[in-house]
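K.L.:
Below is the structure, and that's it, no one-letter string:
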């Protein structure tokens, strides 16, 4: 019995399948993976409850985050602010909304959200420890750093708003 035949038989006995790809198949797959990895306009595709395909673009996700943030800030007009204590969530939302916009430092982040600087700093440490945000040195002013979401943070918020969009469909 040939060794290739024995390997194939052994692979099938473990419930796996052997898939042979041509050089062109591999090149096409590599090209597709590169485009997906580099794309800033990545699309999340799912199925709406109606069974029809649902396509959600990154801009739709960012708009959903923008509305969530605005709703959270609007409720302060009607109800006591002490009722709502989720500064970390609001910080993540603002950083998500501003991914391609204004670069935020600690002062801008706390000012835009109406948070005390100490509260902002405390939650930034927590978010950094959980690898959801990172600080980048400010090349002009070494005393400050810019804040941005990590890949893990962006992916978590993408999934959150994608699922919300699919439920709403």
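P.N.:
Sure thing, it's come through. Note that the structure is a prediction, hence the values are computed from the model and not measured. Numbering: from 1, shown residues only.

K.L.:
alpha carbons only for contacts and neighbour counts from here, please
P.N.:
Noted.

K.L.:
Okay, now the unreliable bits of the protein?
P.N.:
Where the chain drops to pLDDT under 70, the residues are 1-18, 32, 34-55, 169.

K.L.:
Tell me how it divides into domains.
P.N.:
By the assignment in automatic domain parsing, the chain contains the domains 3-38, 53-168.

K.L.:
JSON lines for the ones you listed, including mean neighbour count?
P.N.:
What follows is these, written out as JSON lines (neighbours: other C-alpha atoms under 10 Å):
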{"stretch": "domain 3-38", "mean neighbour count": "10"}
{"stretch": "domain 53-168", "mean neighbour count": "15"}
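
K.L.:
any idea where the strands of the chain begin and end?
P.N.:
Per DSSP state E, the chain has strands spanning 43-47, 53-57, 133-137, 145-149. These are given in chain order.

K.L.:
Identify the residues contacting the third one?
P.N.:
It stands for strand 133-137. Judged by C-alpha atoms under 8 Å, 6 or more residues apart in numbering, the contacts made with strand 133-137 from elsewhere in the structure are 124, 127-128, 144-150, 153.

K.L.:
And the furthest pair within those?
P.N.:
In these, the most distant members under the criterion C-alpha to C-alpha are 144 and 153, with 21.4 Å between them.

K.L.:
How much space separates residue 160 from residue 68?
P.N.:
When C-alpha to C-alpha, to the nearest Å is the yardstick, residue 160 and residue 68 sit 12 Å from each other.

K.L.:
try residue 115
P.N.:
Using C-alpha to C-alpha, one gets 17 Å for the distance from residue 115 to residue 68.

K.L.:
cool, residue 137 as well?
P.N.:
Distance check for residue 137 against residue 68: by C-alpha to C-alpha, it reads 29 Å.

K.L.:
same question, residue 92
P.N.:
Going from residue 92 to residue 68 by C-alpha to C-alpha gives 11 Å.

K.L.:
Over to residue 28?
P.N.:
39 Å.

K.L.:
Please apply the same query to residue 162.
P.N.:
13 Å.

K.L.:
Please apply the same query to residue 131.
P.N.:
In this structure, residue 131 and residue 68 are 22 Å apart, going by C-alpha to C-alpha.
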